[in-house]
Every structure is written in structure tokens, then in C-alpha cells.
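Engineer: fold the following for me, if possible:
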Amino acid sequence: MNQIKKNTGKYRWSICALLFFATTINYLDRQVLSLTWSDFIAPEFHWTNNDYGNITALFSIFYAVSLLFAGRFVDWLDTKKGFLWAIGIWSVGACLHAFCGIATSGIITGNWFVGFEGAKEIIKNINDTGMVINVSVSLFIFARFILAIGEAGNFPAAIKTTAEYFPKKDRAFSTSIFNAGATVGALAAPISIPFIAKSFGWEMAFIIIGALGFVWMGFWVFMYDKPERHPRVSAEELEYIQQDDIADAKIVGYIPETTTKVSFVDCFKYKQTWAFAFGKFMTDGVWWFFLFWTPAYLSSVYGMDSTQAALPLFVLYMITLLSIIGGWLPTYFVEKKGMNPYEGRMRAMLIFAFFPLLALIAQPLGYISYWIPVIIIGIAGAAHQSWSANIFTTVGDMFPKKAIATITGIGGLAGGLGSTLINKGSGLLFDHAKETEMAFMGFKGIEAGYFIIFSICAVCYLIGWIVMKSLVPKYSPITNL
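Structural biologist: The predicted structure follows:
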């Protein structure tokens, strides 16, 4: 296996690039709301932090539950069709947000045949603000529901594609590259979405960004096929891609992988499944908190509007791009230190688990300059994305290809539940802290609320790593599933 060289063709990296752009679009679509609600949507519909927290929490629930079925869906339809359906559905959901204003005015007044500006004028003249809040929040929740159903398919399909096109030792690196699309999407969002919303209206921000997914679908149709069938994949590159299968076939007692479908019940019989799920539960919510609430944090604590926050958010996510190193580190441990892929991955994840501890000092040092918490959140985000690339690839290390999307979906469900708890809890805490002028550890009001959540985020990764290592202390691939 070690004699197979990497310079045997590069088409697998074209597929990786497609996964990168899909993930970029995925994160752009979900960021439109977080970058428009405070300045544009909340004043129009009279939302509070709790209203926004409800929407983000429910999105996390929808996304989590959808992940459970999205993995099964992708394994059932297989990669090509599964990915097409996923991005098609979420692009429709993204565009639907734009019409929530028109639908709100239509439901309340019966006047449906108005444009975006006409809907704004009608809503402005409605005296019952409670009705406006309830109807608009419900409509945005519906749009987020459609978005969540589709977006849930991205990571199961991408992880399955990575397992098809890369050997185990390269999967963390390839995953870190396509997973960097999350950072690039988050990076592009603050320097594009607020300015689109300011120039053309918040509705056009949803439509323009949402339409990108339909463009991607065209590339996927013509560029993707299984590597063993793809005319652009050479025999030498295919041998490199399948080197693990070749090596495993030489092992005495090796059981070839079958095409029999895997049931949920079977998946939950293994500690490997529970380890992956717990790691996702403890850490996904941290990323979602920073993604959804950092713009609001800069607004609430430092008084920035969405355009003023564009530069700090851009710098924050530029720092997060350092996560690509996280995909390379396990390869270094495997090739230079002689570790097996799982051992190298867990060593790297332990290193990444220490960086979020910096969040403990983000709020205390924030009085010096807002750049300190911005930089610290960026470092924590880079650590999370490095952690994420590696925890995803533990699934490919442990499970056969036929089960990868399903196991990824189970872990995604756990991560979504963790995200729901932190987003809903944050919204309630911030409103309570603001209304009561709550004091905690020297902070007062909403700043005290942010300090509490930052502190929780700081320790989640170490707890997750300890439990994962306890459940699966050494490399234990599943061969009888």
C-alpha cells in the first residue's frame, strides 16, 4: 500500500472541489437570516431575541431530525441522485424566505397580490403587532423547515463521496478542504449579504444566494460518477483510491463488503456509533452558536450594524480557514509517526479540543477591543472545523461505505439536538439577562449572558473527546455490519 504514489491522477480533487462549493453554498444560505434579521427583518416584523432564538432552535431541530433520514435517503438513492435532491430542496427553501413578507400581509389582510415593497407598507400599517409577529415567525419557521430538510443531505452525501474517492489516510485532509467551504460561506456572507439587502432589499438577498444551488446542480450532473466507472479516473488513480480495499483483501479472514442495507437498530448496537454521536452532540452547538449569534453579539455588545460588522466577521472567518491544517495533521501522524488512522485522528482532535478554552477570556478581555473576542472566536471556529473534519472521518475509519451516510446522519441528529439546546437557551438567556440586568462574574445584562454561553462552549470539546476515547479507546473497524 505504501508503494502506491499520489501522483497517479488528480480527478478526485475535482470532486473534492465540487463538495467544497456545495458546502460553501450550504452555509451561505443558512447565514442570510442571521445577517439580515437584526437590521432589516426584526424592525419590519417586531421580532425579539427570543423570536429569533425560536426560529434558530427549530431550524436546528428540523436539521437534526432530517439528518437522521437524509443519511438513509442518500444511502438508498446513492450519492449522485441523493445530493441532487438535497441541494434542490434546500435552494427552494432558501428562496422561500423572500416571500414571507408578502405571505404575512396576505394572511392578515387577504391582500396577496403585492410586491415586496407593497407588503412592507401593508405590514407597517397593521396595528396588531402580535399578529404580525406570530404570522411572520411561523412563515419563517416553515421556510427554515424546507431549508433544513435539504441542507441535511449535504454532509452525509459529501462524507460518502469522500469515502468513495479517497483512501482512509487522505480523508481527513480532503474532508477539511470541503469542510472549509463552511468557513468560506461564512466568510463571504458578511461581505455580500448585508450589502445586497441594503441595496436591493432583504428579500433579494435570499433569492440571489438561494439561486446558487441550482447552478451547482448542473456541474454535479456532468462531473460526478463512481470512480470505478468515471472516464476521467485513470487505472492508477483508481488503484490509489481503493488502496484500503486492496490491502484489506489480503488480510486472512477478511469479509468483503456486501450491498445489504443497514438498519438503524444494527447501527445503534456499536459503541463506535455512540462515540461519534456524543462527540457531535457536545460540539456542533458551539459552531452553530458562533455562526448564528456572533453578528448579534457585535450588535448587542458593541453597537455595530450589519455593514459595520462585515470587516470583523470577515477577519473572524479568515482565521477559521486555518482549519485546513487540521485535516493535514492526522496524515502527518499516520505517515511520520506510524499511527493508524483512528489513533492519529484522536491525537489531533485532543490538540484541537484545547483551543476553544480561549473563549473563557473572550468576554473579560473584550473591554480592551472588540477585536480580541473576534480573534478568539475565529481561533475557536478553526479548532471546531478541524475537529469536525476529523470526527466525520472516524465514520469512514470504522464503518463500511454502505453505512457511512446513515451513521453520519445519526451523528448529525445528535449534533442538531445539541445545537437546538444552545440556540434556544441562548435566546432565552439573553432576553432574561437584558430585561433583568442580570449580574454574573463582573458582567451585567446581556454581556453576562454571553459570558455564560462562551464559558460553556469553551469546555465542550474536552468533554466530548474524553467520552469518545472512553467508548472507543483504540482502532476497532466494524466488519460484520
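Engineer: can you list contacts of stretch 327-344?
Structural biologist: 168-177, 179, 345, 347-348, 351, 386, 389-390, 393-394, 397-398, 472, 474-476 (CB atoms under 8 Å, 6 or more residues apart in numbering). In this view, the C-beta of every residue, glycine as well, is placed from N, C-alpha and C.
Engineer: mark which of those residues are buried, thanks.
Structural biologist: Buried by 16 or more other CB atoms under 10 Å: 168-177, 179, 345, 347-348, 386, 389-390, 393-394, 397-398, 472, 475, out of these.
Engineer: longest helix anywhere in the chain?
Structural biologist: helix 401-436 (DSSP state H).
Engineer: helices or strands up against it?
Structural biologist: helix 49-77, helix 154-165, helix 264-267, helix 271-302, helix 371-398, helix 446-471 (3 or more CB pairs under 8 Å, 6 or more residues apart in numbering; DSSP states H and E).
Engineer: list the buried residues of the third one.
Structural biologist: Within helix 264-267, the residues that count as buried by 16+ other CB under 10 Å are C267.
Engineer: contacts for that helix next, please.
Structural biologist: Against helix 264-267 from outside (CB under 8 Å, 6+ apart): 72, 273, 403, 406-407, 410, 481.
Engineer: ok, the residues you listed vs S60, which is closest?
Structural biologist: Distance to S60 across the contacts of helix 264-267 (CB to CB) is lowest for I410, with 15.9 Å.
Engineer: apart from its chain neighbours, what residue comes closest to that closest one?
Structural biologist: Leaving out its chain neighbours, the residue that sits closest to I410 by CB to CB, 6 or more residues apart in numbering is A277, at 5.7 Å.
Engineer: run a quick neighbour tally on the one you found.
Structural biologist: 22 (other CB atoms under 10 Å).
Engineer: wait, it sits on T408?
Structural biologist: No - with contacts counted by CB atoms under 8 Å, A277 stays clear of T408, the gap being 10.4 Å.
Engineer: run a quick neighbour tally on A448.
Structural biologist: Counted with other CB under 10 Å, A448 comes out at 22.
Engineer: on that earlier part again, give me the distance between the residue nearest to I410 and F451.
Structural biologist: In this view, A277 and F451 are 29 Å apart by CB to CB, to the nearest Å.
Engineer: what does G9 give?
Structural biologist: In terms of CB to CB, G9 sits 52 Å off from F451.
Engineer: where does the stretch 201-350 of the chain dip in pLDDT?
Structural biologist: Of all residues in the stretch 201-350 of the chain, those with pLDDT under 70 make up the ranges 245-262.
Engineer: now the helices for it?
Structural biologist: Secondary structure of the stretch 201-350 of the chain (DSSP state H, counting those that start in this stretch): helices at 202-223, 235-241, 243-249, 264-267, 271-302, 310-320, 324-337, 341-354.
Engineer: from the chain's centroid, how far away is the longest one?
Structural biologist: I take that to be helix 271-302. Distance of helix 271-302 from the chain centroid (CA atoms, centre = their mean, to the nearest Å) equals 9 Å.
Engineer: going forward, the N-terminal residue is numbered 546.
Structural biologist: All right, first residue 546 from here; so that's helix 816-847.
Engineer: what packs against that helix?
Structural biologist: helix 556-581, helix 594-622, helix 855-865, helix 916-943, helix 946-981, helix 991-1016.
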